[in-house]
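Return a 3D structure for these sequence lines:
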Amino acid sequence: MENQEIRDIIIYTDGAARGNPGPGGYGIVLISGTYRKELSQGYQLTTNNRMELMAAIVGLEALKTAPCQVKIYTDSKYVADSVEKGWVFNWVKIRFKGKKNSDLWKRFLEIYYKHKVKFIWVKGHASIAENERCDQLAVAASLIPNLPKDIGYEPNGL
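This is a model prediction of the structure:
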């Protein structure tokens, strides 16, 4: 195997839902050296936690090489703590029984294991420029007409 350099990537993420559940969206800012990319998507009916997690997933899925050394900045305690405190790995052991968003957590883990990922929690709406930009992207995405369905979201946990 060739000695390949592991890239350092910074990803800022945010999710939003108007109504929770309601129309929602996510926003992502990817930074690799001088390269910067913004991503966003909205959905008809979803929750803020699903959009926060979706942002982390799509950010990681957008990386073209693996493994990368990735720092994900999020204002979601739900996402950051689930990974950094190891909860999600315990949920795997119980096959996500009784856990919300298992479809997204399973998708997350598929891409998570391809990289070296560290979540860093940041306070939302605290004038952190990239976090604010992600919030703008997420809210704007939630306002787009004729949004697609969030496949996997099931109201009332049914």
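
where do the helices sit along this structure?
With helices called from DSSP state H, the chain shows them at 48-61, 77-84, 87-93, 102-112, 129-142.

Point out the most buried one among these.
When the helices of the chain are scored by mean count of other Cβ atoms under 10 Å, the highest mean neighbour count falls to helix 48-61 (a mean of 24). Quick note: C-beta positions are derived from backbone N, CA and C, even for glycine.

starting at the chain centroid, how far to that helix?
Computed by Cα atoms, centre = their mean, to the nearest Å, the chain-centroid distance of helix 48-61 equals 2 Å.

who's in contact with the residue sitting nearest the centre point of the chain?
Closest residue to the average C-alpha location of the chain: residue 56 at 2.1 Å, with Cα atoms, centre = their mean. By Cβ atoms under 8 Å, 6 or more residues apart in numbering, the residues touching residue 56 are 11, 13, 72, 74, 79, 108, 119.

and which of those is nearest to residue 127?
Nearest to residue 127, judged by Cβ to Cβ, of those is residue 74 at 16.3 Å.

just for this protein, where's the confidence low?
1-4, 156-158 (pLDDT under 70).

at 90 what do you get?
By pLDDT under 90, the low-scoring segments of the chain are 1-6, 20, 124-125, 154-158.

so which of the helices of the chain comes closest to residue 42?
helix 129-142 (3.6 Å).

what does that closest one contact?
12-18, 22-29, 31, 38-43, 51, 55, 73, 75, 122, 124-125.
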